[in-house]
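*Asks:* just coords:
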């Protein structure tokens, strides 16, 4: 639905985006991660037609027709929630959303229905007649999200949408993104990695404008997985039987709690059954055996260092 191919962006002598390529398809919630200054917002602005690439191409395919994000027709199909809300403080919430509807080409007879939908989705019904100037930060951010969604876009792009929201509102917006992701093509940029894990289907990690990681969360989680094994056996007694019978990539003694020793074992597959039978043969009581997916936070810190 939306494709970047070898995209570069220069601002003067600063090479902000360098050879970035990826595809955003319908039914995908794509998480864009990276440290400050990585080129995430510039990438988003090129996706939404606010700036043009210096080199490379950005192409959207809408109902079988290719178009550039720079053309006006494209903007009917994209919703953009910027990090800084583009709000008019003197307007009421309802009037502002009505104005956005008309700017986005929503017919007059459908505006009320469209506005009511996003007011309900974002818990803004009680604020609809209030001026934006008197709203709290979290309320303004939800109005920002609402304006990006009110025209029911095919492509929904959100830059730090969870900023300023309380935990309940974060959960509400996250669930909304997951629900909309079943029928839309969604790109989300956020520093809340735990939330990205719960709402994204795919992940991009960029640094200094370059793509470091591009994969689905399922594939990323299927890689090397740490296993935690807690036994009443010291490392000297554990080492020999374990290394002779288990084909783990690595292991180390992690922590000790009294007479219990916790081992961290890394394998490229699930070897919990193998560990269980090893412990049975050795008559080692098992106090804990658990395999966790590699946290996104751990992967992120590894690749941006």
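*Replies:* Sure thing, it's come through. All values reported here derive from a predicted model rather than from experimental measurement.
*Asks:* domains of this protein?
*Replies:* Listed by automatic domain parsing, the domain ranges of the chain are 2-220, 223-304.
*Asks:* may I see those arranged in CSV, with mean neighbour count and mean pLDDT as well?
*Replies:* The C-beta positions use only the backbone N, C-alpha and C, and glycine is treated the same way. CSV is the format used below for the domains of the chain (neighbours: other Cβ atoms under 10 Å; pLDDT from 0 to 100):
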stretch, mean neighbour count, mean pLDDT
domain 2-220, 18, 93
domain 223-304, 14, 82
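*Asks:* now do residue 206 against residue 274, distance only.
*Replies:* Distance, residue 206 to residue 274, by Cβ to Cβ, to the nearest Å: 38 Å.
*Asks:* likewise residue 43?
*Replies:* On the measure of Cβ to Cβ, residue 43 and residue 274 end up 44 Å apart.
*Asks:* could you do residue 91 as well?
*Replies:* Per Cβ to Cβ, residue 91 is found 64 Å from residue 274.
*Asks:* same question for residue 199.
*Replies:* Distance, residue 199 to residue 274, by Cβ to Cβ: 34 Å.
*Asks:* do residue 38 as well
*Replies:* Applying Cβ to Cβ to residue 38 and residue 274 gives a distance of 41 Å.
*Asks:* where does residue 53 sit: helix, strand or coil?
*Replies:* When classified by DSSP: H, G, I helix; E, B strand; the rest coil, residue 53 comes out as coil.
*Asks:* any idea which element the residue nearest to it when sequence neighbours are not counted lies in?
*Replies:* Nearest residue to residue 53 in three dimensions, chain neighbours excluded: residue 7, at 4.7 Å (Cβ to Cβ, 6 or more residues apart in numbering). Taking DSSP states H and E as the criterion, residue 7 maps to strand 2-11.
*Asks:* what strands line up against the next helix or strand after that strand, and which way round?
*Replies:* Toward the C-terminus, strand 2-11 is succeeded by strand 14-24 as the next helix or strand (DSSP H and E). Here strand 14-24 is paired, per DSSP bridges, with strand 2-11 (antiparallel).
*Asks:* how distant is the strand it pairs with from the center of its chain?
*Replies:* Between the centre of strand 2-11 and the centre of its chain there are 20 Å (Cα atoms, centre = their mean, to the nearest Å).
*Asks:* please list the outside residues in contact with that strand.
*Replies:* 15-25, 39, 42-43, 46-47, 51, 53-61, 69, 155, 185, 209 (Cβ atoms under 8 Å, 6 or more residues apart in numbering).
*Asks:* just the strands in this structure please.
*Replies:* 2-11, 14-24, 29-33, 55-62, 65-67, 78-81, 155-159, 185-189, 202-207, 210-216, 225-231, 250-257, 260-267, 286-291 (DSSP state E).
*Asks:* so for residue 178, which of those sits nearest?
*Replies:* Across the strands of the chain, residue 178 has its closest neighbour in strand 29-33 (6.9 Å, Cβ to Cβ).
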